[in-house]
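Student: A predicted structure for the sequence below; I have some questions about it.
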Amino acid sequence: EVQLVESGGGLVQAGGSLRLSCAASGFTSDDYAIGWFRQAPGKERVGVSCFSSSDGSTYNADSVKGRFTISSDNAKNTVYLQMNSLRPEDTAVYYCAADTGWGCTDGMNYWGKGILVTVSS
């Protein structure tokens, strides 16, 4: 059974930083995509960052480019989202998601429960 467990969320002031972690277990494919989505209050869930193992490519939404970085530690089966220069509009529940193949979509098969990030102004 695949499990994704997020950690590292919380409350931070605008301009601050947080690092989210997603610990993955039960995922055996060498060809996979894993990434982060977020859902702000009253809004739809949207993709934030994605890593695809087949070519090592990463994707960052325009709204977070230059501020957020996705990385992975294969030895720990963990993916990170380093979030710098946080803004109040980054406030959302952040979800880790994974699936086989390339690229992250809202239709990925495996999802964490989500973790809240609150950025105060």
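Tutor: Great, that's in hand.
Student: C-alpha only now, for contacts and for neighbours.
Tutor: Noted.
Student: what about the residue nearest the centre of the chain, which SS state?
Tutor: Compute the mean C-alpha point of the chain, and by C-alpha atoms, centre = their mean the closest residue is Trp36, 2.3 Å away. Secondary structure, DSSP: H, G, I helix; E, B strand; the rest coil: Trp36 is strand.
Student: Not counting its neighbours along the chain, what's nearest it?
Tutor: Once flanking residues are discounted, Trp36 sits nearest to Cys96: 4.7 Å by C-alpha to C-alpha, 6 or more residues apart in numbering.
Student: Check whether that neighbour really touches Ile34, as I assumed.
Tutor: Yes - in terms of C-alpha atoms under 8 Å, Cys96 counts as a neighbour of Ile34; the distance is 7.3 Å.
Student: quick revisit: in contact with the residue nearest to the centre of the chain, which residues?
Tutor: Trp36 makes contact with 47-50, 81, 94-97, according to C-alpha atoms under 8 Å, 6 or more residues apart in numbering.
Student: quick revisit: quick check: what element follows the host helix or strand of the residue nearest to Trp36 along the chain?
Tutor: Here Cys96 is covered by strand 92-100, with elements defined by DSSP states H and E. Sequence order places strand 110-111 as the next helix or strand after strand 92-100, per DSSP H and E.
Student: What is the helix or strand just after that following strand packed up against?
Tutor: Following strand 110-111 in sequence order, the next helix or strand is strand 115-120 (DSSP H and E). Helices and strands touching strand 115-120, by 3 or more C-alpha pairs under 8 Å, 6 or more residues apart in numbering; DSSP states H and E, are strand 10-13, strand 92-100.
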